[in-house]
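Chemist: can you look at this prediction? I've put the sequence above it.
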2 protein chains.
Amino acid sequence: MRPSDLPEIRHLPLFRDMLQSNFEQLLQGAYAQNFPAGVELIRQGDPADFLHIVIEGAVELFAEWGEGACTMAIVQPIGTFILAACIKDAPYLMSARTLEKSRIIMVPAPDLRAVFRRDPEFAVSTITELAGCYRAVVRHAKGLKLRNSRERVAAYMVKHLRRAAPHMAFGLPVEKRVIASYLGMTPENLSRTLRQLEADGLRVSGTHVTVTDYDRLAAVARPDPLLDGPDP
Amino acid sequence: MRPSDLPEIRHLPLFRDMLQSNFEQLLQGAYAQNFPAGVELIRQGDPADFLHIVIEGAVELFAEWGEGACTMAIVQPIGTFILAACIKDAPYLMSARTLEKSRIIMVPAPDLRAVFRRDPEFAVSTITELAGCYRAVVRHAKGLKLRNSRERVAAYMVKHLRRAAPHMAFGLPVEKRVIASYLGMTPENLSRTLRQLEADGLRVSGTHVTVTDYDRLAAVARPDPLLDGPDP
DNA sequence: TCATATAATTGATAAATATCAATCAAATAA
DNA sequence: TTATTTGATTGATATTTATCAATTATATGA
């Protein structure tokens, strides 16, 4: 592990408040690894061995059932994934693969469980982190059930535009087929929907998104913090 | 609050391992209330004031957006809800209403946060509980994205049949329209799907469900612990 | 650079699902 | 009990979304 990785990790909400000695011990047993794009890091159903931290690159969490598969989330720096499986000492519910060249830190699950039993601050941070993850999935599920695909696409664009504020443009973080799967639709349907949304102030060319009429687009998306998350 | 409520609550995984003194203090500030059916206990967007514990009856967690609404979960005794919002001190993401005459215990959120900061066992239980909630929603979202409505209905029936094992029959716990909404479909579609599944060993008459051919039904549902939860 | 693979788009069509309206059944209250 | 409300079912139809096939664009590697 690079020494330069540590301060960044230390600043994550999950690790920010714990005792220095516990932090050091936790990352003692951890190790970093660089992966090319398209590597399967985790297979759903396997026992949870490591908490993963994405330092560079991007990781797709996806689910499979029979022939089908779908994207459940994208994790980008600096983010962690599958905390819940590690804590429950249960099988992973999702698989994970790198979308690009990525640098990942892996913290052994038993160390994690040991430390939050004796560091109350870390326990509180873990609780807060998990509560945040839970709420994120609830919002995702709400979007799937309450919005149709056109509304989900519009909401996705509005959400990313807000992050890019005050600009009225941003670049898509991942391939369109991944976005389509995340939004619970086919790539063909996404393609047609983007075309259709040109009448509502959205302009997508390749990976570049421009919003020409925010109000019109927002009228389709009807953004709501209870579905799209807090404003930032 | 009835004295007879306490032992039951004390046996919940969430409260089982904490110090008796902390348990007593936590429930000191709590109070129990009886509600008729159809009462809105919580409105999404409101600040999270209380952890709710269902002692008797049934509570529907639902989400609203614009004109639309959908059922997100059913909580039955003895279960808790909206732990995550209490912990994050954030607005509720879901509304809650009683589906039947229900007895609910309400624990003030600030007490909750205070106690898990000083009782490590309670912190660990909270972490485990939240991780479990998270995984439940992930499974629900996976089901919505990977299965079509026929498969979701079949899986719902298989899941409930397993709980009723070794019987090959059980009663629907809530109205069909609630089940339909939970499964992300219209009541009409559920009705037609149930009719269609008669060819696959499922027999539903009113609230009574009988499975005449488990293997055929399971062939439609393709049950999977990563979508349907652990076997019990 | 070109050749090749992969992703994105487009059109045609099919399947899934929702909507609307009418009826039927079941629960509930007077 | 009967009257009334509410939920469930059914049919007809519209809409949404997926599938399949072909083409175009874009990225990737020799």
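Modeler: Noted; the coordinates are in hand.
Chemist: residues of chain A that sit close to DNA strand C?
Modeler: Counting by CB under 7 Å from any atom of the strand, the residues of chain A close to DNA strand C are A:175-177, A:187-188, A:190-192, A:194-195, A:204. C-beta here means a position set from N, CA and C on the backbone, and glycine is covered the same way.
Chemist: of the residues you listed, closest to A:Arg103?
Modeler: Distance to A:Arg103 across the residues of chain A next to DNA strand C (CB to CB) is lowest for A:Glu175, with 20.3 Å.
Chemist: how about that closest one, nearest residue that isn't a chain neighbour?
Modeler: A:Leu99 (7.7 Å; CB to CB, 6 or more residues apart in numbering or on different chains).
Chemist: the one you found contacts A:Ala37, correct?
Modeler: Yes. Using CB atoms under 8 Å as the test, A:Leu99 is close enough to A:Ala37 to be in contact (6.3 Å).
Chemist: higher neighbour count, these two?
Modeler: More crowded of A:Leu99 and A:Ala37, by other CB atoms under 10 Å in any protein chain shown: A:Leu99, with 20 against 12.
Chemist: residues contacting the more buried one?
Modeler: Contacts for A:Leu99 (CB atoms under 8 Å, 6 or more residues apart in numbering or on different chains) come out as A:37-38, A:57-60, A:74, A:174-175, A:178.
Chemist: now swap in A:Tyr134 and tell me
Modeler: Contacts of A:Tyr134 (CB under 8 Å, 6+ apart): B:84, B:130, B:133-134, B:137.
Chemist: swap the cut-off to 6 Å and go again
Modeler: By CB atoms under 6 Å, 6 or more residues apart in numbering or on different chains, the contact list for A:Tyr134 reads B:84, B:133-134.
Chemist: contacting DNA strand D as well, which ones from the residues of chain A next to DNA strand C?
Modeler: Near DNA strand D, by the rule CB under 7 Å from any atom of the strand, you find A:Glu188 out of those.
Chemist: local confidence estimate at the residue sitting furthest away from the middle of chain A?
Modeler: Within chain A, the residue lying farthest from the chain centre (CA atoms, centre = their mean) is A:Ala199, at 29.8 Å. pLDDT, A:Ala199: 96.
Chemist: that one - that's part of a helix, no?
Modeler: Yes. Read with DSSP: H, G, I helix; E, B strand; the rest coil, A:Ala199 is one of the residues of a helix.
Chemist: tell me the spacing between A:Asn189 and B:Leu194.
Modeler: Taking CB to CB, to the nearest Å as the measure, A:Asn189 falls 28 Å from B:Leu194.
Chemist: who has more neighbours out of the two?
Modeler: B:Leu194 (21 against 15).
Chemist: state the number of residues packed around A:Ile179.
Modeler: 21.
Chemist: need the residues of chain A near chain B, please.
Modeler: For chain A, the contact set with chain B under CB under 6 Å from any CB of the partner chain comprises A:44, A:63, A:65, A:68, A:70, A:84, A:87-88, A:93, A:123, A:126-127, A:130-131, A:133-135, A:137-138, A:141-142, A:144-146, A:184, A:226.
Chemist: still on that earlier bit, same list (the contacts of A:Tyr134) but as CSV, adding secondary structure, pLDDT and distance to A:His52.
Modeler: Formatted as CSV, the contacts of A:Tyr134 follow (DSSP: H, G, I helix; E, B strand; the rest coil; pLDDT from 0 to 100; distance: CB to CB, whole Å):
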residue, secondary structure, pLDDT, distance to A:His52
B:Ala84, helix, 92, 22
B:Cys133, helix, 95, 21
B:Tyr134, helix, 96, 16
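Chemist: pull the residues that contact stretch A:75-89.
Modeler: With contact meaning CB under 6 Å, 6+ apart, stretch A:75-89 is reached by A:8, A:12, A:48, A:51-56, A:58-59, A:92, A:109, A:112, B:127, B:131, B:134-135.
Chemist: out of the residues you listed, which are buried?
Modeler: Buried subset of the contacts of stretch A:75-89 (neighbour count, 16 or more other CB atoms under 10 Å in any protein chain shown): A:48, A:51-55, A:58-59, A:92, A:109, A:112, B:127, B:131, B:134-135.
Chemist: what is the one helix or strand A:Val115 maps to packed up against?
Modeler: Assessed by DSSP states H and E, A:Val115 sits inside helix A:109-118. Secondary-structure packing of helix A:109-118 (3 or more CB pairs under 6 Å, 6 or more residues apart in numbering or on different chains; DSSP states H and E): helix A:20-28, helix A:120-146.
Chemist: can you list contacts of the first one?
Modeler: Spelled out, it's helix A:20-28. Contact with helix A:20-28 is made by A:15, A:111, A:115, A:119, as judged by CB under 6 Å, 6+ apart.
Chemist: among those, who's most crowded?
Modeler: A:Phe15 (24 neighbours).
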